[in-house]
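In: Turn this into a structure:
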Amino acid sequence: QVQLVESGGGLVQAGGSLRLSCAASGSIVSISAMGWYRQAPGKQRELVAAVTNAGITNYADSVKGRFTISRDNAKNTVYLQMNSLKPEDTAVYYCRVDGATYLRYGRPYINDYWGQGTQVTVPS
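Out: This is a model prediction of the structure:
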């Protein structure tokens with residue numbers, strides 16, 4: 001199995017910055033893609049940014065130029081640097097891991113995982 005631990009959320013004034021981290025642990029062999037989603041009250045969960053193990057990134061239009069996703073493959077950790085934060089960025093941010101290959105009793109398994117979520121609040 002794979003466990004995800006998120007950190008870095010909080011309250012920040014508009015125009016400020018936050019950095020989210022998500023570390024995956026377990027008998028991990030490889031991870032295909034890692035990313036961040038967010039869900040605001042009354043809205044559907046949406047993709048914020050994602051990065052493949054080859055370093056290819058994808059961003060929601062609403063965060064392009066403000067957010068940067070990065071990944072440390074050696075640490076199985078993904079980061080989201082959020083700058084110029086706006087009130088509309090307020091949401092619970094969830095880490096997502098796709099295609100995590102891990103070993104269980106010596107055999108490989110592949111699965112996808114969600115983190116527990118971390119709150120980001122930008123007051124208006």
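
In: make it CA atoms for all contacts and neighbour counts henceforth
Out: Will do.

In: residues in contact with the closest residue to A50 other than its chain neighbours?
Out: Leaving aside its chain neighbours, A50 sits nearest to G35 (3.8 Å; criterion: C-alpha to C-alpha, 6 or more residues apart in numbering). Residues in contact with G35 (C-alpha atoms under 8 Å, 6 or more residues apart in numbering) are L47, V48, A49, A50, V51, I69, V78, C95, R96, V97.

In: quick one: the strands in the chain?
Out: 2-7, 10-11, 18-26, 28-39, 46-52, 57-59, 67-72, 77-82, 91-104, 107-114, 118-121 (DSSP state E).

In: As JSON lines, those strands with mean pLDDT would be great.
Out: Output for these, formatted as JSON lines (pLDDT from 0 to 100):
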{"stretch": "strand 2-7", "mean pLDDT": "94"}
{"stretch": "strand 10-11", "mean pLDDT": "98"}
{"stretch": "strand 18-26", "mean pLDDT": "96"}
{"stretch": "strand 28-39", "mean pLDDT": "95"}
{"stretch": "strand 46-52", "mean pLDDT": "97"}
{"stretch": "strand 57-59", "mean pLDDT": "97"}
{"stretch": "strand 67-72", "mean pLDDT": "97"}
{"stretch": "strand 77-82", "mean pLDDT": "98"}
{"stretch": "strand 91-104", "mean pLDDT": "94"}
{"stretch": "strand 107-114", "mean pLDDT": "91"}
{"stretch": "strand 118-121", "mean pLDDT": "98"}
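
In: Run through the bridge partners of the residue nearest to A50.
Out: A50, R96 (DSSP bridges).

In: can you check R71 too?
Out: Bridge pairing for R71 - DSSP bridges - gives V78.

In: ok, now Q3?
Out: S25.

In: And it, how far from T52?
Out: 19 Å (C-alpha to C-alpha, to the nearest Å).
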